[in-house]
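J.: quick one, what's the 3D model for this:
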Amino acid sequence: MQRHLDNFIAGAIDWLWRKRSPGLTLIRISITVLLALLGTSWAMKIIVPSPSGTFQVAFDMNQGIPAYLIVVSLVLTVILFVVGIILLILEERNLGKKRAIAIELRGLRYTTGQALKDKIPRNILGRRDQILVNIIRSDGRILDPEEALQQIIHLPTSMANIEAGVDRTDIAFVAGGLAPVPFSFLMGIQLDDESGVTLMDWDRNGNYWRALDGKDDGCRFVVSGMDKVGEAEEIVLSASVSYHTNLTAVTSTFSGQPIVSMTLTIPSTDGHWSEAKQAALAQEFFNTARALCGTNVKRVNLILAAPNSVVIRFGRIYDKRNLPALTVWQYENGQNPPYPWGVSMPVAGQKAKIIRRSNGELN
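T.: Sure thing, here's the model as predicted:
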């Protein structure tokens, strides 16, 4: 019992002195002033009239501080404390209107099942809720691509239902996922028009959802192959972030198509934890795709090896109206063909659909 009481007191003190709030700031100031007064020698006499006479309480600490200064200080302290309490109540009422919505794409069998909403950063205020896009069957297997596609296509509807009747400024979205690259990219496409989306990713070393709170190592893309695009109407864009893409498999699968490569100088599975680095990489990806608008390219086949947060970010930045049509392909190591299916993205006036490939042919 004592341990729980100690934890409660420690937590209350931590909340009072660490939480940032105008109301709490005034309360802290009032407490500080009161403690300063108690620690200063002063004198005061309080006289309370009663039917049987007067009741007197005297304090005398004999340091010569004028009594009126003590009285004024106490009055100001009480005013600050009361105003702080009022502001704190108003802040808590406003906080009750806010909602922090986790959009989690769950599509890999080996996850622990820990919910993204339980790891929303504390600086994002509001009641925690979630939109779970689960493309895993009850037996643990991944849904067929066509079934999984429908789950993600309905994401904007789920978001619209949450936003209905709520002030948009009171809602904050946090997005993350563990799923095949084409579906994570499609999720990013669907989040394109939502401002202020915070991305998180799964830390496979620590087995928990983590914010993008790392340092920028300055590693950026090296782009090659733009000079080979020529008059081609369809090309391959290969982007290597976590691993080098399998260019042998790419060449055999997309025979005859020019390949534009974007490769980090040092691809890494643990080099994506910087928000600033991700933003820079996304801008480079966008610039490369935009450069294709000055050519005859009508469709881009994207081969992307990257962590899910990077994939989602790339999907968010891809311009649905002005950039070429886009198919994002799924790599299956050891299969023939190694890129058996992809998702044709809802860009350039097209609808999202699954594209399958067998024996080198699309169907």
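
J.: let me know how buried residue 225 is, in neighbour terms.
T.: Residues contacting residue 225 under the criterion other Cβ atoms under 10 Å number 16. In this view, the C-beta of every residue, glycine as well, is placed from N, C-alpha and C.

J.: and if you look at residue 211?
T.: Using other Cβ under 10 Å, residue 211 has 20 neighbouring residues.

J.: same question, residue 153
T.: Other residues within reach of residue 153, judged by other Cβ under 10 Å, total 15.

J.: residue 133 - that's part of a helix, no?
T.: No: the assignment for residue 133, made by DSSP: H, G, I helix; E, B strand; the rest coil, is strand rather than a helix.

J.: distance of it from residue 126?
T.: Residue 133 sits 21 Å away from residue 126 when distances are taken as Cβ to Cβ, to the nearest Å.

J.: okay, now the unreliable bits of the stretch 1-150 of the chain?
T.: 1-21, 23, 37-70, 90-96, 109-113, 138-141 (pLDDT under 70).

J.: can you map out the helices along it?
T.: According to DSSP state H, counting those that start in this stretch, the stretch 1-150 of the chain carries its helices in the segments 2-18, 22-38, 67-97, 145-153.

J.: go on, the stretch 251-363 of the chain?
T.: Under DSSP H, counting those that start in this stretch, the stretch 251-363 of the chain gives helices at 275-291, 308-317.

J.: what's in contact with the shortest one?
T.: Outside of helix 308-317, the residues within contact range by Cβ atoms under 8 Å, 6 or more residues apart in numbering are 105, 175-179, 181, 184-192, 197, 199-202, 212, 239, 241-242, 272, 278-279, 281-283, 285-286, 304, 306, 345.

J.: so which of the helices of the stretch 251-363 of the chain gets nearest residue 117?
T.: Closest to residue 117 of these is helix 308-317 (Cβ to Cβ; 16.4 Å).

J.: report the angle between the axes of that closest one and helix 275-291?
T.: Going by axes from the mean of the first three to the mean of the last three Cα atoms, to 10 degrees, helix 308-317 is angled at 40 degrees with respect to helix 275-291.

J.: now the end-to-end length of stretch 269-282.
T.: 17 Å (Cα to Cα, to the nearest Å).

J.: now stretch 209-222
T.: With Cα to Cα applied, stretch 209-222 spans 30 Å between its terminal residues.

J.: gap between residue 211 and residue 277?
T.: Using Cβ to Cβ, one gets 14 Å for the distance from residue 211 to residue 277.

J.: could you do residue 246 as well?
T.: Taking Cβ to Cβ as the measure, residue 246 falls 24 Å from residue 277.

J.: sorry, back to before: out of residue 133 and residue 126, which sits in the more crowded spot?
T.: Neighbour tally, residue 133 and residue 126, criterion other Cβ under 10 Å: the higher count belongs to residue 133, 21 against 16.

J.: which of the contacts of helix 308-317 fall in strands?
T.: 105, 175-178, 197, 199-202, 239, 304 (DSSP state E).

J.: for these, which one is nearest residue 151?
T.: Distances from residue 151 to the ones in strands among the contacts of helix 308-317, taken by Cβ to Cβ, are shortest for residue 105, at 8.8 Å.
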